[in-house]
Each structure stands twice: as C-alpha cells, then as structure tokens.
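Trainee: With the input below, show me the fold.
(one chain, ligands or ions: 1)
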Amino acid sequence: MSSSKESFRRRPKSTTATLVAGIRAHHLRWNESPIFADARAFDMLSLFWRLTIQNRLLNWLVVHKLLGAFHPIHTENILRIRYTEDRLQEAIRAGISQYVILGAGFDTFSLRHKELAERVRVFEVDHPATQRIKRQRVLAANGTIPPNLTFVPVDFETDRLNEALARSGFDPQAPAFFSWLGVIYYLTPEAIRSTLAHIAAVAAPGSYLVLDYKIARRLVPEESIPFTDKMERLVARLGEPMLSEFTPQELNDEMSGSGFMEIETVPPAEQARRYLQGRSDIVEPPPNFYFALFSLKSPSAEGSASRLP
Ligand SMILES: C[S@@+](CC[C@H](N)C(=O)[O-])C[C@H]1O[C@@H](n2cnc3c(N)ncnc32)[C@H](O)[C@@H]1O
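Mentor: Now for the predicted structure:
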C-alpha cells in the first residue's frame, strides 16, 4: 500500500468532500440564479465553513483572498452536479428506481428530493471514515435517515463493491443510475478498474454511470499547467493526492473493457457552452476535468448505447 493511501485511511474524513459541499452552499448563498441550488449543503458543513460562507468578511478573506485561485474548481464542481442530476432526472422519468452515489461525500440528493422517497432508492457508497461524519450530519440536519437512503461503507482500494451493494438490498435485476463525482482521480488505476468490474457484475444492463475525470497532463494546455500543479499540491497537502488521469480515448477503452459504452463526453468548452452562457459572475471551468456518461451493455450486446431521452 502506498503511503498516500495510508494517509487517507488515517484521516477522520475526506476534507475535499467538505470543500465540495462548501462550494455548493457558497454558490447558492452568493450567486443569483444558481446553476445548481443545493439548499441542504449548508447543513453538511462544520461551524467554520458555515461562518465563512455567511459572514461577508470571512467569505472575502477565505474564499476570495486565500482560495481565490481555485475558483475554476468551484465552477467544475457546480457544473458536474448539475449535469449529473439533469441526466439522473431524465433516467428517473424513464423508470430508473435506484441511484448509487459512489464516493458520496456530503451529497444531499436524498434530503432534497423527499418527493422521490417512494420511487427511488438511494445508496450512498463511501469510505467509512467519511460516511461516519456524513451519517451524523444527516441525523443532525434531518432528525432521521431518509427511509430510501442506505449507507454502504466501502473502500474502493480494498473492498468488493458488488458484494457490499448486494448485502445492502441493491436490486441487481433493475437498472440503476451510478454517479462517481470527484473521486476517480483520488484512486489508483487498479481500484478504478476493479470498481468498474464490480459495477458490471452487480448492475443490470441499461444502467448508467456518470463520472468526472482528470485528463492526462500531456493534453493540458501549457498555460494551465501552473494552475493544475497548484491544485494538485493543495489536495495532496489535505491528504488526498491525485493518483489517476486519462485521455478521453484511454478512459473510453477502460470503460469499454469493463462493459460500458460511451453515451457522451463533455469537455470544459462544452460544459461552459451548456451552462455558463450570458453569465459573468462565474469563471470558466478548468481545462483539465471532463464529464462522461456511459451505459452498461448487456454481456452479449455489441450494439449502440442506450440513450437517455
Ligand atoms: C472530493 S470528494 C467528492 C464527494 C462527492 N462525490 C461530491 O462531489 O460532493 C471525494 C470522495 O471520495 C471518497 N473516497 C476517496 N477515496 C476513497 C476510497 N478509497 N474508497 C471510498 N471512497 C473514497 C471520499 O471519502 C469523498 O467522499
């Protein structure tokens, strides 16, 4: 085991998961016409981040002065959850009844969509260290765990996701929607490959998987390398070093080898075209994170991917 993985294992929880929830809460507090309105993200934060987001002076000092260089990451975080939940809602309208959030962190889907409690089972898969805090925050914010939410503790580096999901009441016969946001770049290539194999082993054909990934350094424009290095140094200092990156072709080959078919890949320019037109209050997304949507083929199928309507 590498020392970087050991350092994550020793941490009480994922710091990057808190930062992402903070970004969603900050976006709703400070941007008019939010691209993604997560009204429960604030409840997931520590006192320090609540004060920082609410207080004008602390917000200026921490979010703008200290962390201002990372604002393109805020944009990526907001756009990827908007993209994901747009696709998820389409899938739910088409009949999908299971949502598996891989590396869920402080995602609040089950708290925001109580109207779906009877129709959609939500499985939050995460490292036990992060999930312990998540459970406490959900209980503090909501009084109870939503009846359709199941916590599934899994370390992608060592555990078998398919067995953990099967033990948790996941229905392998019914197609599911999987999201894997802000996670795969923190995993080793072996953990990504084995997790994909476990999804393919447990999920029904016609299931979907949406993820974001870091593109290979050789594809990052020269002028963006200093930003990329700075961001990687920050998360490494937080104990969560980035361990994996792909070209779009490499990722599609990896996915195809595990039984998935690409529906679409959304590079940063397309992310901006879809969600940022006419907005001057939000910086462009960084050049090095792509979104991608896949569907799980049936073992015998060579044909085209099933398409969301
Ligand atoms: C940046 S956070 C993203 C959280 C959430 N998906 C979001 O977008 O708000 C990364 C998440 O990956 C999880 N994670 C990292 N390494 C993991 C591992 N080896 N096994 C399980 N979860 C892991 C962390 O616990 C954390 O919740």
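Trainee: so what's the residue of the chain found nearest the ligand up against?
Mentor: Using Cβ to the nearest ligand atom, the closest approach of the chain to the ligand is made by G105 at 2.5 Å. Any C-beta I mention is one placed from the backbone N, CA and C, and that applies to glycine too. For G105, the contacting residues are 14, 16-18, 20-21, 126, 130, 134, 182, taking Cβ atoms under 8 Å, 6 or more residues apart in numbering as the criterion.
Trainee: Of those, which belong to helices?
Mentor: 16-18, 20-21, 130, 134 (DSSP state H).
Trainee: Of those, which ones also sit close to the ligand?
Mentor: Counting by Cβ under 6 Å from any ligand atom, the subset of the ones in helices among the contacts of G105 that neighbours the ligand consists of 16-17, 20, 130.
Trainee: now, which of those sits nearest I192?
Mentor: When those are compared for distance to I192, the smallest value, 17.0 Å, is given by T16; criterion: Cβ to Cβ.
Trainee: Of the contacts of G105, which is the most crowded?
Mentor: Within the contacts of G105, most neighbours by other Cβ atoms under 10 Å means D126, with 28 neighbours.
Trainee: Model confidence score at the most centrally placed residue in the chain, please.
Mentor: With the centre of the chain defined as its mean C-alpha position, the nearest residue by Cα atoms, centre = their mean is L181, 1.7 Å away. At L181 the predicted local confidence, pLDDT, stands at 98.
Trainee: circling back: and the pLDDT for the residue of the chain closest to the ligand?
Mentor: 98.
Trainee: Specify the local secondary structure of it.
Mentor: coil (DSSP: H, G, I helix; E, B strand; the rest coil).
Trainee: Please state the backbone phi and psi of it?
Mentor: phi 50, psi -130 (degrees, to the nearest 10).
Trainee: so how far is E284 from it?
Mentor: 24 Å (Cβ to Cβ, to the nearest Å).
Trainee: One more: D126?
Mentor: Distance, D126 to E284, using Cβ to Cβ: 30 Å.
Trainee: A204 now?
Mentor: When distances are taken as Cβ to Cβ, A204 and E284 turn out to be 38 Å apart.
Trainee: Would you mind giving the ones in helices among the contacts of G105 as CSV with distance to P226 and pLDDT added?
Mentor: Formatted as CSV, these follow (distance: Cβ to Cβ, whole Å; pLDDT from 0 to 100):
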residue, distance to P226, pLDDT
T16, 20, 93
A17, 26, 95
T18, 26, 94
V20, 23, 97
A21, 27, 98
T130, 30, 95
K134, 34, 97
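Trainee: Pull the most distant pair out of those residues.
Mentor: Of all pairs drawn from these, the greatest distance, 13.6 Å, lies between T16 and K134 (Cβ to Cβ).
Trainee: Near the ligand, which residues of this protein are found?
Mentor: Going by Cβ under 6 Å from any ligand atom, the residues of the chain near the ligand are 8, 14, 16-17, 20, 103-107, 126-127, 130, 154-157, 181-183, 186-187.
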